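> next come a sequence and a model predicted from it.
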Amino acid sequence: MNTLHILSQAVPAAHLALSSIQGELSRLQTLASQPEHAPLRESISQLAGLCQTIEHTIADGIHTLARSGDGLQGLLDLLHHAEDKPLPANQLAGLLTPLQQQISHARADIGQLL
């Protein structure tokens, strides 16, 4: 999956920020290839790994939220078509619970970045 493509569509500001960071890291990696900057290589490598982790976490969160949004839309469509039929609360709760869990999971994952 091309996470930069997902980010550019869903969250342009995040894409721009991550692109900027990746560009700066690339420049630092080029500088660190020179012998006098060799001590910086490990730190730059760690920063690049963190950047990749952030990118993947955000992309996964966006994907989860998109799936949850689709699920909520499906539920709204179901309720719209069944407006003249009562839907027991336990059935409605059963439909909403997985969506709430997905949203909570995405929120927790993204929240750990802070």
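Great, that's in hand.

> what helix or strand is residue 85 located in?
Using DSSP states H and E, residue 85 maps to neither a helix nor a strand.

> over to residue 66?
Using DSSP H and E, residue 66 sits in helix 41-81.

> could you give the number of residues near residue 59?
Residues lying near residue 59 (other C-beta atoms under 10 Å) number 22. (Each C-beta comes from the backbone N, C-alpha and C, glycine too.)

> hmm, which helix or strand of the chain has the shakiest average pLDDT?
The weakest-scoring helix or strand in the chain, judged by mean pLDDT, DSSP states H and E, is helix 3-10 (a mean of 47).

> past that helix, which element shows up next along the chain?
Per DSSP H and E, the first helix or strand lying C-terminal to helix 3-10 is helix 12-32.

> angle of that next one against helix 41-81?
Between the axes of helix 12-32 and helix 41-81, defined by axes from the mean of the first three to the mean of the last three C-alpha atoms, to 10 degrees, the angle is 160 degrees.

> mean confidence score for helix 12-32?
What helix 12-32 shows for mean pLDDT is 83.

> now do stretch 103-114
pLDDT averaged over stretch 103-114 gives 90.

> next, the closest residue to residue 78 other than its chain neighbours: phi, psi?
Closest residue to residue 78 apart from its sequence neighbours, by C-beta to C-beta, 6 or more residues apart in numbering: residue 95 at 7.7 Å. Torsion angles at residue 95 (phi, psi; degrees, to the nearest 10) stand at phi -80, psi -30.
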